[in-house]
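1. Need the 3D shape of this:
(one chain, ligands or ions: 1)
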Amino acid sequence: MSEKKRKVILTGDRPTGRLHIGHYVGSLRERVVLQNSGAFDDVLIMIADAQALTDNWDNPEKVRSNIMNVTLDYLSAGIDPKKSHILIQSQIPELPELTQYYMNLVTVQRLQRNPTVKAEIKLRGFSEHEESQGTPVGFFCYPISQAADITAFRATVVPAGEDQEPMVEQTREIVRKFNSIYGETLVEPEILLPKSAASRRLPGTDGKAKMSKSLGNCIYLSDDEKTVKTKVMSMFTDPGHLKVSDPGKTEGNPVFIYLEAFAGEDAPNAKQLFEEYAPDYQNLSEMEEHYRRGGLGDVKVKKFLNNVLEEALRPIRARRAEYEKDLQSVIEILKDGTKYAEDIAAQTLSDVKKSMQINYFSA
Ligand code: TRP
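-> This next block holds a predicted model:
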């Protein structure tokens, strides 16, 4: 059973919009580092279109068109199709089949306690107290389908944002229950969260808790230089910091939270960024201290942030331009990645059916 010891990464995103810098620091940047580390036997990145349909069933065009957007975001962020496999969830029929068997191992009450699902039900107006028709069963069960995603590819590590913790925990419970009833078959995964709180949850440019397309407070990986600059220069900061000489607050200040994510401890190039664009400071804490003391203006900090973001976004834009010239090759990347992933899922499903004693026509 040396197969069990393979180190496998699975992550994914719902294709419901272009990816923004919150996705980048929350998981995309780390995926590229892990991919290039050579420490993993397999890196799989899934476009979760079937999951996206659980709350966008009435908008198939949106899901379809964003498959290409998200794939271009991945490739331009540095996902290398020679090292990672990008796959499309709905094209792997083994996933819903596994989901069906896992459904027996999860109670309605357990699903109702999932904090991410709870918050989403509220946000989407699915609750029975609201005008909607209630919660669609497919949506309600998506944590089980996500457990199928993770276990089908025998993922050991799931790099994701903290909102995915309940999904990975649910998966671990299913794995333990499955293995204890039917015998050792599935692999238990672990979540890998970004180090800094800033990277775990980047607020919107307006300071609201989350970047969200509907709030119009996102900086997208595909934004051009001018758009990024306009967005950065109009970002919220500390409302009490009126004059340059006033002491300012750095906690809860979105400009400093972005700097923490892009020029703080999670940023591999933090030192160079200060040397090049803010040589008066050795690191972010020194700049923060100056702001808190007073005497450091918002415009100056925002200009630094804009340079810092451009340093990350420039290579991303260049790679995007290359891939956009040959979209057919991007489709081939998706096809190859999906085929590769399906072979693994088929093997897992066959193991699962054997353990469950439903392998009547094969040994
Ligand atoms: N739920 C994830 C999100 O909303 C997407 C997802 C689906 C996923 N299946 C996954 C992430 C498996 C990691 C592993 O972003």
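
2. In this structure Lys208 contacts Asn217, no?
-> Yes: with contact defined as CB atoms under 8 Å, Lys208 and Asn217 form a contacting pair (5.9 Å). The C-beta positions use only the backbone N, C-alpha and C, and glycine is treated the same way.

3. Pick out whichever of those two has more residues nearby.
-> Asn217 (21 against 13; other CB atoms under 10 Å).

4. Give me the secondary structure label for the more buried one.
-> Using DSSP: H, G, I helix; E, B strand; the rest coil, the structure places Asn217 in coil.

5. tell me the contacts of it?
-> Each residue near Asn217 by CB atoms under 8 Å, 6 or more residues apart in numbering is listed here: Gly204, Thr205, Asp206, Lys208, Met211.

6. The helix ranked longest in the chain - contacts with which helices or strands?
-> The residue-count maximum for a helix in the chain (DSSP state H) belongs to helix 327-355. In this structure, helix 327-355 packs against strand 42-47, helix 60-77, strand 85-88, helix 94-103, helix 142-152, helix 165-182, with contacts taken as 3 or more CB pairs under 8 Å, 6 or more residues apart in numbering; DSSP states H and E.

7. can you count the residues close to the residue in the stretch 201-350 of the chain positioned nearest to the ligand?
-> The ligand sits closest to Ala341 of the stretch 201-350 of the chain, with a gap of 11.7 Å, by CB to the nearest ligand atom. Ala341: 27 surrounding residues under other CB under 10 Å.

8. and the nearest residue to it once chain neighbours are set aside, bridged to which residues?
-> Leaving aside its chain neighbours, Ala341 sits nearest to Leu87 (4.1 Å; criterion: CB to CB, 6 or more residues apart in numbering). Counting by DSSP bridges, Leu87 is bridged to Met46.

9. Provide a list of residues in contact with Leu87.
-> Leu87 neighbours (CB under 8 Å, 6+ apart): Leu44, Ile45, Met46, Ile47, Leu334, Gly337, Thr338, Tyr340, Ala341, Glu342.

10. Would you mind listing which of those are buried?
-> Neighbour-count burial (16 or more other CB atoms under 10 Å) applied to the contacts of Leu87 gives Leu44, Ile45, Met46, Ile47, Leu334, Gly337, Thr338, Ala341, Glu342.

11. In TSV: those, plus pLDDT.
-> Output for these, formatted as TSV (pLDDT from 0 to 100):
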residue	pLDDT
Leu44	98
Ile45	98
Met46	98
Ile47	98
Leu334	98
Gly337	98
Thr338	98
Ala341	98
Glu342	98
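
12. before we move on, back to that, buried subset of the contacts of Asn217 as a PyMOL selection?
-> PyMOL command restricting the contacts of Asn217 to the buried ones, with burial defined by 16+ other CB under 10 Å:
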select buried, resi 204+205+211
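
13. quick check, nearest of the contacts of Asn217 to Glu286?
-> Thr205 (24.6 Å; CB to CB).

14. Identify each buried residue in the worst-scoring helix or strand of the chain on mean pLDDT, please.
-> The weakest-scoring helix or strand in the chain, judged by mean pLDDT, DSSP states H and E, is helix 197-200 (a mean of 84). Residues Ala198, Ser199, Arg200 are the ones in helix 197-200 that count as buried (16+ other CB under 10 Å).

15. Surely the residue of the stretch 201-350 of the chain closest to the ligand is in contact with Leu44?
-> Yes: between Ala341 and Leu44 there is a contact at 5.7 Å, judged by CB under 8 Å.

16. got any residues that touch both of the two?
-> His85, Leu87, Phe153.

17. Tell me the one among those residues nearest to the ligand.
-> Ranked by distance to the ligand (CB to the nearest ligand atom), the shared contacts of Ala341 and Leu44 are led by Phe153 at 9.0 Å.

18. residues near that closest one, how many?
-> Neighbour tally, Phe153, other CB under 10 Å: 27.
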